[in-house]
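Enquirer: One predicted model, sequence on top.
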Amino acid sequence: PVLGVGQIVQNAGNTTITGKITPVTNPPDMAMAPGCPPDISNPPTDQSGFAGSLKVSGGKLTLPINNVLPNVKATTISNGTLFMGNTTQSLGAVTMSGGVLDLSGGLNKDVVNATSWNGTGGLVKLDTILGATGNTSDVIHITGPITGTTTRLQINVIGGQGALTTGNGNPVVLADTDPS
């Protein structure tokens with residue numbers, strides 16, 4: 001498992017952060033004495049022990065399982081690609097100055113939850129089905145402040161012919177706060 005409050009940095013190549021991990025137990029002759037750091041006698045079997053930040057500055061980082069890093073505080077994408085893999089992820093405070101946040105992939109089920117958004121560049125790829133109100137789309141949900149100048153959206157239509165919508169139609173970006 002990934003533990004701590006540091007930073008996961010993707011600079012090059014391809015990395016996939018998996019979910020549940022089979023715990024490794026110490027053999028009886030290697031048992032840790034109580035209170036002897038580090039006590040790994042009962043480690044987490046998932047990535048919930050990581051409460052740091054993600055930084056994608058090159059290559060491709062894939063998060064293929066829902067909330068694989070549930071306690072991420074911040075995500076920075078300056079180059080490279082953060083690929084969602086048809087999942088729901090909480091990315092904390094998102095800063096996009098370049099690179100790609102890729103929610104595409106044909107199933108239009110990705111959801112990014114961000115506590116804030118600072119966009120000064122970069123591209124977000126999303127899938128949608130065009131049709132009447134209520135069709136599904138990949139979604140970015142921002143619950144806090146929105147700052148910056150621009151983040152481009154590339155919307156891939158994976159079905160539907162389009163239709164008249166009502167209310168909010170088929171949202172791809174939901175903002176709980178007014179960015180002005």
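Expert: Cool, the structure landed.

Enquirer: which strands and helices sit next to the longest strand along the chain?
Expert: Counting by DSSP state E, the longest strand found in the chain is strand 111-129. If you count contacts as 3 or more C-beta pairs under 8 Å, 6 or more residues apart in numbering; DSSP states H and E, strand 111-129 packs onto strand 88-102, strand 139-142, strand 146-159. Just so you know, the C-beta spots here come from the backbone N, C-alpha and C atoms, and that holds for glycine as well.

Enquirer: and among the ones you listed, the most buried is which?
Expert: Most buried of the helices and strands packed on strand 111-129, by mean neighbour count (mean count of other C-beta atoms under 10 Å): strand 88-102, with a mean of 21.

Enquirer: Quick one: low-confidence residue ranges for the protein.
Expert: For the chain, applying pLDDT under 70 flags the ranges 20-45, 106, 132-134, 179-180.

Enquirer: Tell me which residue is most central in it.
Expert: Taking C-alpha atoms, centre = their mean, the centroid of the chain lies closest to residue 89, which sits 4.2 Å from it.

Enquirer: tell me the contacts of it?
Expert: 63, 66, 67, 68, 69, 110, 111, 112, 113 (C-beta atoms under 8 Å, 6 or more residues apart in numbering).

Enquirer: How about residue 174?
Expert: 139, 140, 141, 142.

Enquirer: Find the helix or strand that it is a member of.
Expert: strand 173-175 (DSSP states H and E).

Enquirer: Please name the bridge partners of the nearest residue to residue 16 once chain neighbours are set aside.
Expert: Ranked by C-beta to C-beta, 6 or more residues apart in numbering and with sequence neighbours excluded, the top spatial neighbour of residue 16 is residue 62, at 4.3 Å. Bridge pairing for residue 62 (DSSP bridges) gives the partners residue 16, residue 83.
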